[in-house]
Each structure stands twice: as structure tokens, then as C-alpha cells.
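Engineer: Turn this into a structure:
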Amino acid sequence: MADPMSASAFLDALRAEGLTVVEVGDWRDHNRNHKGPWGPVNGVMIHHTVTRGSARTVDICRHGYASLPGPLCHGVITKDGRVHLVGYGRANHAGKGDDDVLRAVINETALPPDNEANTDGNRHFYGFECENLGDGDDPWPAAQLEAIERAAAAVCRHHGWDERSVIGHLEWQPGKVDPRGFTMTSMRARVEERLDGKPTTSAPSHEEDDMPSAAEIAEAVWAHRIPNPARPDAKGKPAQTPAEAFQRSEDSHYDATTRRLNALTAQVGALTATVSALAEGGGLTGAEIKAAAEAGADAALAKLGDALQEGN
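Structural biologist: Next comes the predicted model:
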């Protein structure tokens, strides 16, 4: 039983254990503390997400759902072994579970079967959501399993807990199956072995939120070079033109073509008026009027075709 560590201490503990940590937005202040207490804390709970795709998984765990607002954990462990911090404080991850299990975690004794849901787990556990479909077939990469081991050990090391303070959601709440694809017995054995040693001495990696901003995405799109058939290179192949320059060129051609089209539309309108006047005055036969109209239309279409070709 202990007070939760500070957000900075949590980050430092993960980094000291050799984890690559990604800080997502305002994770330090993103929590559900207004819904109830967080602490005293007694253990670490491991989950699987039932999601595919790291970016989508992190976003869901940060924001949650309409029926279950985020954060849904403190850290998201993606398949590449990185830990994405999405919240800190009370989080919607554990739900109600068995008070007998909580006592066993506190006393660091063997876990009893979880057959009740009568105790607030969000108050008592750190939570790590792990990217996996949870279908028993989706693989658990070695890097991800090692990150789970390191993350759990980091928290236990800080509080002076042993591996029996690490449980799965399926051991807490009746009906839950996560994490599925490895056993918590095997994970606790890994945590025990790590705690018997020392934190890694390799330089930990620390990253800010690695999702690019909208401005960065737009800049990359405009800078991307694409083939421009209208501007062949020395070998006759389409030159590679930055998308921004290509768009400006296309806009210029479009404007020029639009001006020509408007001029031709005016000419066709004038021609139509002339033909109508002649028809009313009786100065031409029906066959002559038809021939003049067809000739004028053909000429206008030819000019329009030339204009469009020039525009391309």
C-alpha cells in the first residue's frame, strides 16, 4: 500500500528500466480524478486492447469512448515495445473486482479465484494497456513482452513490491480474459527475475509525442515530388516536380483554359444570334443556315480543343 508516485517519478522509473517512452499530449494532467480517488496504490494491472494499429490504439486509450471516457490506462505498450503515456491519475482500466484478490496483492500472496466485483480497482492499480487483438492468434512480439516486463518491474521497483503485485485483468474481474496470448504466471516470473537484478544501464530513450502535426503533414505533402508529364527531363521522362509547384502550374493552366472557354462561349453566342437574325429576315435558305451553323460550331469546337490541349 502506497501513495501514487508523481508523474515525473513515474516517467523516471520507466526510463531507468530502459524503456522507450513517448509522452502523449498533456498526459500528466489527463485523468478521472474528479470521479473518485486514486490511491493508495497496491499493484500493476496488465490488459490487452482488442485493437489493431499503434496510432489508433494510443488514440483510443487516451480518449476512450462515449460510454467509457479516457484515459483507459496510464501507459499503452505497442507492439514495437514503446510505452506511450496517455494519462496519469485515476484511469478507467480496472473497473470493479474482487476484494479477496486485492488483499492477496497487498499481502503479496497467492491469488484466489476472482468471483466477486465489489471493489474499485481504478483506485488501487497502475494500468498498462497492450496493443493486441486478444483473439489468441495475434502474436506478442518479443519487444512488447519485454516492455511489459520492464514497465511492471519499474513500478514494483519504485514501491518495493515483488512480482506478486502484478496481475492481469482476468485475475481481477470475473468474466475478463485479458491479457490473452501469454500467462500472467510466466510474466510474473519474468518480473521476478528482473527485480532480482538491476535496472538496465543502457541509455534510455525518451520521446515526445511522435505524431506529426497537421502543419508538418501538409508541408511533407507539398514537398513530395511527383512526375509531371508536361515537363519532361533531358531523357524525355516526366520530371519530378514538387507537389506545390505542380499544383501552381496546374492552377495557371486551368485559369488560362477558363479564359479561353469564356471567350469561345461568347463567340458561339454571337454566332447563334446572327444565324437567328438571318433566319428571321429570310436572307438565307434553310440549307444555307444549317451549313453556316455547322461550320461555326465545328470551328468553335476546334478552337476549344486546341485551348484544352494547350492547357494540359
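Engineer: Secondary structure element holding the residue most central in space within the chain?
Structural biologist: The chain has residue 55 as the residue nearest its centroid, 2.7 Å off, counting by CA atoms, centre = their mean. Following DSSP states H and E, one finds residue 55 within helix 54-63.
Engineer: Also residue 76?
Structural biologist: strand 75-77.
Engineer: Can you name the next helix or strand after that strand?
Structural biologist: strand 83-85.
Engineer: hmm, who's touching that next one?
Structural biologist: Contacts to strand 83-85, defined as CB atoms under 8 Å, 6 or more residues apart in numbering, come from residues 10-11, 14, 19-24, 27, 58, 61, 74-78, 128, 147, 151. All C-beta atoms are positioned from the backbone trio N, CA, C, and that covers glycine.
Engineer: what about burial for these, which qualify?
Structural biologist: Among those, the ones that count as buried by 16 or more other CB atoms under 10 Å are 10-11, 14, 19-24, 27, 58, 61, 74-78, 128, 147, 151.
Engineer: Hmm, residue 80 is touching residue 131, no?
Structural biologist: No. Residue 80 is beyond contact range of residue 131, at 9.0 Å (criterion: CB atoms under 8 Å).
Engineer: neighbour-wise, which of those two wins?
Structural biologist: Shown here are residue 80 and residue 131; by other CB atoms under 10 Å, residue 131 has more neighbours (26 against 12).
Engineer: sorry, back to before: return the set of buried residues in the helix holding residue 55.
Structural biologist: 54, 57, 58, 59, 60, 61, 62.
Engineer: now do stretch 77-94
Structural biologist: Buried-residue list, stretch 77-94, by 16+ other CB under 10 Å: 77-79, 81-94.
Engineer: how far out from the middle of the chain is stretch 52-67?
Structural biologist: Stretch 52-67 has its C-alpha centroid displaced from the chain centroid by 8 Å (CA atoms, centre = their mean, to the nearest Å).
Engineer: then that stretch to CSV, C-alphas only?
Structural biologist: What follows is stretch 52-67, C-alpha atoms only, in CSV (Å, rounded to 0.1, in the frame of the first residue of the first chain):
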residue,chain,number,x,y,z
ARG,A,52,-5.0,-3.2,-34.3
GLY,A,53,-2.6,-0.4,-35.2
SER,A,54,-0.5,1.5,-32.8
ALA,A,55,-1.7,5.1,-33.6
ARG,A,56,-5.3,4.1,-33.4
THR,A,57,-4.7,2.1,-30.2
VAL,A,58,-3.0,5.0,-28.5
ASP,A,59,-5.7,7.4,-29.5
ILE,A,60,-8.5,5.1,-28.2
CYS,A,61,-6.7,4.6,-24.9
ARG,A,62,-6.2,8.3,-24.5
HIS,A,63,-9.7,9.5,-25.4
GLY,A,64,-11.8,6.4,-24.6
TYR,A,65,-15.4,6.0,-25.8
ALA,A,66,-18.6,7.8,-25.2
SER,A,67,-19.6,5.2,-22.7
